[in-house]
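[1] Sequence first, predicted coordinates after that:
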Amino acid sequence: MPVGGRISLLALLAALAAACGGGDAEPRRVVTLVTHSSPGGGSDVFLRELVPHLARLMGGTFIVENVQGGSGAKAMAAVAQAKPDGSLFYATTPTFIYTSLLSDPSARYTDLEPLVNLFFDPEVLYTAADSRFTTLRDVLDRARTGQGRWGAANPASLERQVMEQLKQKAGVSPAITTFEGGGDMLINVLNHTLDMGAGELQEIRAQLDAGRLRLLAVVGDERLPQFPGVATLKEQGVDLAVRKFRGLAGPKGMSAELVAAWEAAVPKLLDDPVYRKRYMDNSLQPGFMPHGDYARFMEAFGAETEAFLRQSGVIQ
Amino acid sequence: MSLDELIAIVPAAFGGVTWGIFGGALPGISPSITMALLLPLTYGMDPTTAIVMLAATYVGAEYGGSIPAILIRTPGTNAAAATVMDGYAMTEQGRAGEALGISLYSGFVGGLFGLGVVVLLAEPLSTVALAFTPPAYFALGVLGLSVIASLARESLVKGLMAGVLGLMISTVGTDPVTGLSRFTFGSPELLSGIPPILVMVGLFAVGELLAESGERGWHQAAPERARIRFPSPALWRRIALPQAIGSVIGAFEGMMPGGGGAVSSFLAYNEARRWSRRKEEFGRGSPEGIAAPEAANNTVACTTLVPILSLGIPSSNSAAVLLGGFLLHGLIPGPMLFVSHSGVVTGLFAGLLAANIAMLIVGYVLMGPCIWLVSRPRPYLTAFIYALVVSGVYAIETSLFQVGVALAFGLAGYALRYFETPLLPMVLGVILGFMVESNYRRALVLSGGDHATFLQDPVSAAFLTVAALFLVGSIAGHALGARRRRGAELPA
């Protein structure tokens, strides 16, 4: 059965259950959260963990729907065409900006309205624990000789951008190569093919806990509470920070009340002790941004990414 | 493990396997999609049950893929493509039941072997995954491609042409190094490339249907009274070697990220043929030609757990969905899982054993209806397969574009049949093209453009040597065969 089919079946069941519940005067509200990621993928896991807590705090029934295909293009189109009545939202990640810039989707990221941001995925630079490089400086020194080897998970990704910008700002000349996902690259860090990799904390958590990896730097504005000893790139003298966002966006034209309801609910959600434990375990960093800030952030992120892709010749 | 846990695991294993067999048997629905469709439903289960169910789905799907491969010449999964040749040949000889029996039994043997490897050797074998650098992956891909030389039976040139076509198709999508969009014509649908499963569904299923529609005198399908038969003792002995070959190749392939079931099936088929006493039967309904790839892909379904459990790294799309299942239940697979959640790990092992037994039982029960279904009059069957293919492909991403892609490859398949060009080299090219290209370029970026890197890396050097020996041998064989044929014609 297609995903959409089962989802609508679930919605039907939920509506039936609500109708049979009897107590409420009006049927319970059903809110669908759309992601482009497949079940089990990053955004999917994020939404499915989020949903029970949202239902508890905001009331109503929350459903996760996977609209895969076209690296987010189909999901963007589905959300852009929906009614702005608060029944459909899209889980934003940098992917939807990259897809908008790299191809010609029917709806682009600018056709959606950013709602609020919830989290940042901490980006880190790391190397193997038994590598001969113990600090970022060691890795940069080696790259200065023209022999460095750095890796990023995917060719057109925020991690790639981080590596290229680090190369520029530090004035070194390593070979930068990309892989098909974080796991693929992790192997090449563990077996010393790469001096250093860039990736999300969540992807490397298992190896980090087992003591097989060493963190070299945090690519953000602040240190991570879980790893207070690891300095940011800025602290280490390189003016570079990125924020890999996880939030929600909706169709254009959402009402002020709707936005306000979410702006009120999300900070409460992030402070909730049960949910807090869950997302901290998953290495997510709370990063609430209200609607206005999020819209400006998204605009700046899009502009910066576009400039980078243009400069590196990926798009004309 | 307590009795309660066991009571939860066994139904999960049966349920997962059944779901997996259906998903795997539907052309277009890959094992990873079958698992992904199930994933949201496992959210409410306890972690062990959920993980067992997902792993069992994978096991079932790897067998399920061989059912349409054998019965209607359409591999249900990438990994079942190698089974098409001898499986369908046996069906045409009215031996469909026997072929399914061999596939099921070989999958069971492979699955048990794989499980043994995972239980006993997961930790030490995780180093296998770490031995693979970009040059090594490139060489593995080249070794896989060298199989084309033996898949192209009559004409080496046509085989190579088909292989190159496949390689060309694999270049559609995002450039693996620069991130540029290649041959996508601005379409977001093509950003992540053309999925190999669509190419196979088009070439095999749709192409075959088109070709058949043009034939005069539609006949009743052959296996009217095909009985389901498990291998006889003599056959057991005969397929033991190919099963062993398939199991060992599958065990290694499962551990290598990026390898996956398809590469292992083709390599196993090829090696089984090389070591067989009855080489000439391959491609014409050899039981060994089913046993080797089917043992291999079911071994992969188990050993793919090695990198997940020991490193936390998924080695294939299916493994990635399994990883998602772990994460959804708050478990982080990796070196610490054995320590922190040893109960889940033992539960998973018990569940996999149950899944392999369940596969034997459910597979046996389903064989009868499957054979009945394909024994219907040809026009009904043809209409049914069209419906199956279109709905299966549409279901992947609810995308009409993908249905169009599959139908376009159907036309290509018809054209290739017309020119008597073998299809499998093309499939191999599509499956391996991206792996070969991306790792070739990665290796050169890392070595600063120095090709010596492929010989300095020991794993790469070994694979390339084997591939070279194999190519020389095959080409010599082709040349000898051609001379013999000429010689036979002359005396007259």
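    That came through, no problem.
[2] doesn't residue B:275 make contact with residue B:245?
    Yes: the criterion here is C-beta atoms under 8 Å, and residue B:245 meets it with residue B:275 at 6.6 Å. Yep, even glycine has a C-beta here, placed from its N, CA and C like the rest.
[3] out of those two, which sits in the more crowded spot?
    Applying other C-beta atoms under 10 Å in any protein chain shown to residue B:245 and residue B:275 shows that residue B:245 carries more neighbours, namely 26 against 14.
[4] how about the strands of the stretch 101-250 of chain A, start to end?
    In the stretch 101-250 of chain A, the segments counted as strands under DSSP state E, counting those that start in this stretch are A:112-121, A:123-128, A:149-152, A:175-178, A:196-200, A:213-218, A:244-251.
[5] so how many other residues sit close to residue B:373?
    Neighbours of residue B:373 (other C-beta under 10 Å): 15.
[6] now residue B:156
    Neighbours around residue B:156, by other C-beta under 10 Å: 18.
[7] Tell me the confidence at it?
    Here, the pLDDT recorded for residue B:156 equals 84.
[8] cool, and residue B:457?
    For residue B:457, the pLDDT comes out at 93.
[9] For the closest residue to it other than its chain neighbours, which residues are in contact?
    Of all residues not flanking residue B:457 in the chain, residue B:135 sits nearest, at 4.1 Å (C-beta to C-beta, 6 or more residues apart in numbering or on different chains). Residues in contact with residue B:135 (C-beta atoms under 8 Å, 6 or more residues apart in numbering or on different chains) are B:439, B:443, B:453, B:454, B:456, B:457, B:459, B:460.
[10] The residues you listed in helices, which ones?
    B:439, B:443, B:453, B:454, B:456, B:459, B:460 (DSSP state H).
[11] ok, back up a step: just put the strands of the stretch 101-250 of chain A in TSV and tack on mean neighbour count, distance to chain B and mean pLDDT.
    Output for these, formatted as TSV (neighbours: other C-beta atoms under 10 Å in any protein chain shown; distance: least, C-beta to the nearest C-beta, whole Å; pLDDT from 0 to 100):
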stretch	mean neighbour count	distance to chain B	mean pLDDT
strand A:112-121	23	14	95
strand A:123-128	23	10	95
strand A:149-152	26	5	94
strand A:175-178	24	4	92
strand A:196-200	26	12	93
strand A:213-218	22	11	96
strand A:244-251	23	15	95
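[12] Would you reformat the ones you listed as JSON lines and include distance to residue A:31?
    JSON lines is the format used below for these (distance: least, C-beta to C-beta, whole Å):
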{"stretch": "strand A:112-121", "distance to residue A:31": "12"}
{"stretch": "strand A:123-128", "distance to residue A:31": "30"}
{"stretch": "strand A:149-152", "distance to residue A:31": "35"}
{"stretch": "strand A:175-178", "distance to residue A:31": "36"}
{"stretch": "strand A:196-200", "distance to residue A:31": "27"}
{"stretch": "strand A:213-218", "distance to residue A:31": "34"}
{"stretch": "strand A:244-251", "distance to residue A:31": "10"}
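[13] in the stretch 201-350 of chain B, what spans have low per-residue confidence?
    B:216-230, B:257-260 (pLDDT under 70).
[14] Spell out, range by range, the helices that occur in it.
    Assigned helices in the stretch 201-350 of chain B, in chain order: B:207-213, B:233-255, B:260-274, B:288-303, B:305-311, B:317-328, B:337-340, B:342-374 (criterion: DSSP state H, counting those that start in this stretch).
[15] How about the stretch 151-300 of chain A?
    Using DSSP H, counting those that start in this stretch, helices in the stretch 151-300 of chain A cover A:158-170, A:182-190, A:201-209, A:256-271, A:273-281, A:291-311.
[16] Next: the stretch 1-150 of chain A.
    According to DSSP H, counting those that start in this stretch, the helices that the stretch 1-150 of chain A contains are A:3-21, A:42-58, A:73-81, A:94-102, A:136-144.
[17] Would you single out the least confident of these?
    helix A:3-21 (a mean of 43).
[18] Now the stretch 351-492 of chain B against chain A: closest residue?
    When distances are taken as C-beta to the nearest C-beta, the stretch 351-492 of chain B reaches nearest to chain A at residue B:397, 3.8 Å away.
[19] Serialize the contacts of residue B:135 to a markdown table and add fields for neighbour count.
    Output for the contacts of residue B:135, formatted as a markdown table (neighbours: other C-beta atoms under 10 Å in any protein chain shown):
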| residue | neighbour count |
| --- | --- |
| B:439 | 26 |
| B:443 | 24 |
| B:453 | 18 |
| B:454 | 21 |
| B:456 | 11 |
| B:457 | 23 |
| B:459 | 16 |
| B:460 | 24 |
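[20] Would you point out the most distant pair within those?
    Pairwise distances among those were taken by C-beta to C-beta; the largest, 15.0 Å, belongs to B:439 and B:456.
[21] ok, how many other residues are close to the residue of the stretch 251-400 of chain B found nearest chain A?
    Here the stretch 251-400 of chain B gets closest to chain A at one residue, residue B:324, 1.9 Å apart by C-beta to the nearest C-beta. Residues lying near residue B:324 (other C-beta under 10 Å) number 24.
[22] Chain neighbours aside, what residue packs nearest to it?
    Ranked by C-beta to C-beta, 6+ apart and with sequence neighbours excluded, the top spatial neighbour of residue B:324 is residue A:40, at 1.9 Å.
[23] list the contacts for the residue of chain A found nearest chain B?
    Using C-beta to the nearest C-beta, the closest approach of chain A to chain B is made by residue A:40 at 1.9 Å. Contacts for residue A:40 were tallied using C-beta under 8 Å, 6+ apart; they are B:35, B:36, B:39, B:320, B:321, B:322, B:323, B:324, B:325, B:327, B:328.
[24] any idea which of the residues you listed is closest to residue B:63?
    Once C-beta to C-beta is applied, the member of these that ends up nearest residue B:63 is residue B:35, at 14.4 Å.
[25] Please tell me how far the helix or strand hosting the closest one is from the chain's geometric centre.
    Residue B:35 belongs to helix B:31-38 when assigned by DSSP states H and E. Its chain's average C-alpha position is 15 Å from that of helix B:31-38, according to C-alpha atoms, centre = their mean, to the nearest Å.
[26] is chain A contacted by that helix?
    Yes: Helix B:31-38 comes into contact with chain A (C-beta under 8 Å from any C-beta of the partner chain), by way of B:35, B:36, B:37.
[27] Of these, which is the most crowded?
    With neighbours taken as other C-beta under 10 Å, the top of these is residue B:35, carrying 32 neighbours.
[28] Once you drop chain neighbours, what's closest to that residue?
    The shortest distance from residue B:35 to any non-neighbouring residue, by C-beta to C-beta, 6+ apart, is to residue B:321 (4.3 Å).
[29] Enumerate every residue touching that neighbour.
    Counted by C-beta under 8 Å, 6+ apart, residue B:321 has contacts A:38, A:39, A:40, B:32, B:35, B:36, B:39, B:54.
[30] Mind doing that once more with 10 Å?
    By C-beta atoms under 10 Å, 6 or more residues apart in numbering or on different chains, the residues touching residue B:321 are A:38-41, B:31-39, B:54, B:57-58, B:314.
[31] quick one: it from residue A:290, how far?
    35 Å (C-beta to C-beta, to the nearest Å).
[32] now residue B:99, nearest residue through space, not along the chain?
    residue B:90 (4.0 Å).
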